[in-house]
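# After the sequence you'll find the predicted model.
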Amino acid sequence: MTGQGRSAPLLVVDTATRHAVIALGGRDGSLLVERGWVAGYRHGEELLGRIDAMLEESGIAIAGLGGLVVGTGPGAFTGLRVGLATVKGLAFALGLPVVGVATGQALLAAAAAASGHADSALVAASDAPLVLLQPAGPSDTVLSRHGARPRIIAGGTDPAIGEHEQLVAIDLEGRVPEAATVRGAEALAGLATALLRTGAGRLDASAGVGDPLPELVPEYVTLPRGVRTAVPETEVEITGAEGVS
């Protein structure tokens with residue numbers, strides 16, 4: 001590992017939602033500094049500049065990083081492509097280990113922590129498990145449950161939410177009950193910490209090796225105009241990086 005070994009900070013990057021997140025944290029999962037902003041669909045215009053500014057303000061040289069953690073979605077093509085390409089480029093250029101973490105599972109973990117559960121598995125098994133809903137294009141949505149792969153819900157179709165499940169909604173203001181958007185805001189506020197803790201744990205488990213770069217696969221919910229999927233998106237489970245444990 002480059003930088004200062006286990007004492008070198010980890011850089012966390014997530015661009016899966018309209019709310020981009022970058023952070024620095026320790027290998028023990030402690031958050032040092034965090035930056036978040038509403039990127040919309042302008043991730044490519046701002047990401048590197050904001051990373052540079054955060055590092056400079058923190059007095060950390062980019063060569064002093066000890067590893068990278070990146071959110072892999074689900075999310076729209078543009079944001080995820082920018083985030084993954086940036087992190088892969090840094091990992092390759094600096095010889096840094098990188099870990100990909102499913103953003104949806106990290107958001108569920110953050111929502112669980114906000115509800116008073118230190119472990120999202122407790123919420124998954126409780127009387128009020130959490131369910132995450134995000135947009136997938138102009139009308140579709142994508143539904144994530146703890147430990148399960150995300151599923152696309154066709155526009156005009158209500159997601160199948162259990163009677164005792166609690167909805168956590170991201171980027172769906174005005175389309176879902178207000179309580180769901182409040183939980184979504186709480187999840188976003190804890191996203192950097194959830195990504196960091198999971199990424200740091202997996203980095204330790206791999207003895208600092210991280211994930212092979214070719215295996216960092218984004219979970220796209222939309223593709224650019226003119227690009228077709230092999231099967232209809234409304235019928236496919238999304239595959240990608242490991243979730244939060």
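Cool, got the structure. For clarity, every value in this text was computed on a predicted model and none was experimentally measured.
# secondary structure element for the residue located most distally from the centre of the chain?
Going by CA atoms, centre = their mean, the residue of the chain most distant from its centre is E163, 26.9 Å out. Under DSSP states H and E, no helix or strand contains E163.
# give me phi/psi at it?
With angles defined as degrees, to the nearest 10, E163 sits at phi -60, psi -30.
# ends of stretch 59-75, how far apart?
Distance across stretch 59-75, first residue to last, is 32 Å (CA to CA, to the nearest Å).
# Buried residues, it. List them.
60, 65-75 (16 or more other CB atoms under 10 Å). (Glycine included, C-beta is placed from N, CA and C.)
# So which elements touch the longest helix anywhere in the chain?
As assigned by DSSP state H, the longest helix anywhere in the chain is helix 77-94. Contacts defined by 3 or more CB pairs under 8 Å, 6 or more residues apart in numbering; DSSP states H and E place helix 77-94 against strand 10-14, helix 43-58, strand 67-71, strand 98-101.
# Let's have these in TSV, adding distance to G201 and mean pLDDT.
Listed next are these as TSV, based on distance: least, CB to CB, whole Å; pLDDT from 0 to 100:
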stretch	distance to G201	mean pLDDT
strand 10-14	11	98
helix 43-58	23	92
strand 67-71	10	98
strand 98-101	9	98
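# Need those in a markdown table (columns: distance to G116).
A markdown table is the format used below for the helices and strands packed on helix 77-94 (distance: least, CB to CB, whole Å):
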| stretch | distance to G116 |
| --- | --- |
| strand 10-14 | 23 |
| helix 43-58 | 30 |
| strand 67-71 | 24 |
| strand 98-101 | 22 |
